[in-house]
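Participant: Give me the fold of what follows.
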Amino acid sequence: MEKHIQAPLVEEEIKNLKSGEYVYITGTIYTARDAAHKRMFESINKGEEIPMELKNNVIYYMGPSPAREGRPIGSAGPTTASRMDKYAPTLLNLGLKGMIGKGKRSEEVKEAIIKNGCVYFAAVGGAGALLSKSIKKSEVIAYDDLGTEAIRKLEVENFPAIVVIDSMGNNLYDMVLNK
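Facilitator: Numbering: from 1, shown residues only. Model (predicted):
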């Protein structure tokens with residue numbers, strides 16, 4: 001089954017998403033990878049503000065290639081989500097509602113997803129050029145010195161993803177392995 005959802009995410013929509021469903025996301029999402037997560041985590045631990053609102057938002061684990069002429073962004077494929085696992089529970093506890101990446105997540109992340117009513121989506125690895133076509137606008141909003149790992153605000157239209165871990169903790173990867 002496929003669904004069309006808006007970002008920032010709405011709690012009722014999140015509850016209705018089920019592991020294995022295809023979704024198309026339209027709205028505003030943010031990018032952040034390892035280095036940006038580390039900086040945000042350090043700022044949170046110092047009691048400082050971070051450069052984006054977390055409440056109901058989605059972080060896409062991605063660092064794009066340079067944009068070709070006339071395009072807002074270059075290839076925009078997902079990076080391995082588990083590299084953000086040490087930071088994700090804290091961000092989820094602070095209001096983040098969705099994450100997009102590829103690969104498995106730790107048990108701690110799964111528990112934080114359930115506790116906070118969140119969702120983990122996967123984007124298809126190796127399809128960065130195709131995924132970039134859903135990105136209509138890209139703007140660096142923080143940590144410009146990190147280059148491709150800077151935090152970006154993206155406007156997306158029908159960005160394709162798959163629900164991997166839903167708000168109840170159902171995990172597509174586990175379901176497939178248990179068949």
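Participant: okay, and for the chain, where does confidence drop off?
Facilitator: 177-179 (pLDDT under 70).
Participant: For it, give the strand that spans the most residues.
Facilitator: Secondary structure of the chain per DSSP state E: the longest strand is strand 151-165.
Participant: which element follows that strand toward the C-terminus?
Facilitator: Sequence order places helix 172-177 as the next helix or strand after strand 151-165, per DSSP states H and E.
Participant: which strands and helices sit next to that following helix?
Facilitator: strand 151-165 (3 or more CB pairs under 8 Å, 6 or more residues apart in numbering; DSSP states H and E). Heads up, the C-betas are built off the backbone N, CA and C, glycines and all.
Participant: In the strand it packs on, which of the residues would be classed as buried?
Facilitator: 151-156, 159-165 (16 or more other CB atoms under 10 Å).
Participant: Then stretch 131-141?
Facilitator: Buried residues in stretch 131-141 (16+ other CB under 10 Å): 131, 132, 134, 135, 138.
Participant: I'd like the distance from stretch 9-17 to the chain centre, please.
Facilitator: Distance of stretch 9-17 from its chain centroid, counting by CA atoms, centre = their mean, to the nearest Å, is 15 Å.
Participant: then it to PDB, C-alphas only?
Facilitator: Only the C-alpha atoms of stretch 9-17 are listed here, as PDB (Å, rounded to 0.1, in the frame of the first residue of the first chain):
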ATOM      1  CA  LEU A   9       4.700  15.000  10.300                       C
ATOM      2  CA  VAL A  10       1.300  14.800  12.000                       C
ATOM      3  CA  GLU A  11       1.000  12.500  14.900                       C
ATOM      4  CA  GLU A  12      -2.200  10.900  13.600                       C
ATOM      5  CA  GLU A  13      -0.600  10.100  10.300                       C
ATOM      6  CA  ILE A  14       2.500   8.600  12.000                       C
ATOM      7  CA  LYS A  15       0.200   6.200  14.000                       C
ATOM      8  CA  ASN A  16      -1.400   5.100  10.800                       C
ATOM      9  CA  LEU A  17       1.800   4.200   9.000                       C
END
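Participant: List the buried residues of that stretch.
Facilitator: For stretch 9-17, using 16+ other CB under 10 Å, the buried residues are 9, 13, 14, 17.
Participant: Kindly reformat the residues you listed as JSON lines and extend each row with secondary structure and distance to residue 51.
Facilitator: Formatted as JSON lines, those follow (DSSP: H, G, I helix; E, B strand; the rest coil; distance: CB to CB, whole Å):
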{"residue": "9", "secondary structure": "coil", "distance to residue 51": "20"}
{"residue": "13", "secondary structure": "helix", "distance to residue 51": "26"}
{"residue": "14", "secondary structure": "helix", "distance to residue 51": "24"}
{"residue": "17", "secondary structure": "coil", "distance to residue 51": "27"}
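Participant: Identify the residues contacting stretch 144-152?
Facilitator: 30-36, 39, 51-52, 63-65, 138-143 (CB atoms under 8 Å, 6 or more residues apart in numbering).
Participant: Alright, calling it a day.
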